[in-house]
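Participant: Build me a structure from this.
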Amino acid sequence: MTDIAWSDGRWTHEPAALAEDQGDLVVTAVEGSDAWRITSYGFVHDSEHALVVPFAVDTAVEVEFTAAFSAQFDQAGAFVRVSDERWVKAGVEFADGRPQVGAVVTDGMSDWSLAPVPEWVDRRILVRVSRGTDALTVRAGIVGEPLQLVRVLPFASSLVAEAGPFVCAPTRAGLAVRLHAWRVVEADGSLH
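Facilitator: Sure, this is the predicted structure:
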């Protein structure tokens, strides 16, 4: 396990504000920040606040944050970026009045999957994205409890990728998310 210093990453888009507090990084999102491409809505949003470093095959990135969300589409988790048109975001998003665990997988166009997790509100959450030779495996859960499988998606080993924590606030100003940890660990060895 290797902890990553907040200063080691590069922002895909600068947040509205940053503050370090007892080792945590508090990220305040710009109002309207999001990542989405075309599907169903017809627009492209390329304004997420993702803090990324190179993401190697046979490793996993883990992000811990508190899911203190209350406005439609408040979100945080792990972001994997290849290019403007190819990326993955996975984590917790406040949608339809409750926290939901999910992922958006984008290859030219975005898709979206969600599952309600009302017990995750205001809890410390861990999202792990493991990179194998031909796939990403996404797991998430409350810190200290077993992680649940969220998504498995094709992802070639030849792709040059970066990964790390992200925060977005599509519908409001003032969303401040407390990031607790960011690290690289060994990739999950199997799906089950």
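
Participant: quick one: contacts for the most centrally placed residue in the chain?
Facilitator: In the chain, the centroid-proximal residue (CA atoms, centre = their mean) is residue 78; its distance is 2.3 Å. By CB atoms under 8 Å, 6 or more residues apart in numbering, the residues touching residue 78 are 61-63, 89-91, 127-129, 138, 163-166. (C-beta placed from N, C-alpha, C; glycine too.)

Participant: try 7 Å
Facilitator: Taking CB atoms under 7 Å, 6 or more residues apart in numbering, we find residue 78 in contact with 61, 63, 90-91, 127, 129, 163, 165-166.

Participant: again with residue 60
Facilitator: Neighbour list for residue 60: 128-131, 185-188 [criterion: CB under 7 Å, 6+ apart].

Participant: Please, which helix or strand holds the residue nearest to the centre of the chain?
Facilitator: Element membership for residue 78 (DSSP states H and E) is strand 75-83.

Participant: Which per-residue confidence value corresponds to the residue nearest to the centre of the chain?
Facilitator: pLDDT, residue 78: 98.

Participant: cool, and residue 153?
Facilitator: Predicted confidence (pLDDT) for residue 153: 97.

Participant: counting contacts, what elements does the lowest-mean-pLDDT helix or strand in the chain pack onto?
Facilitator: Comparing every helix and strand of the chain by mean pLDDT, DSSP states H and E singles out strand 44-46 as the least confident one, with a mean of 93. Here strand 44-46 touches strand 35-37, going by 3 or more CB pairs under 7 Å, 6 or more residues apart in numbering; DSSP states H and E.

Participant: Just the residues contacting the strand it packs on, thanks.
Facilitator: Contacts of strand 35-37 (CB under 7 Å, 6+ apart): 44-46, 48, 85, 87, 89, 104, 106, 108-110, 168.
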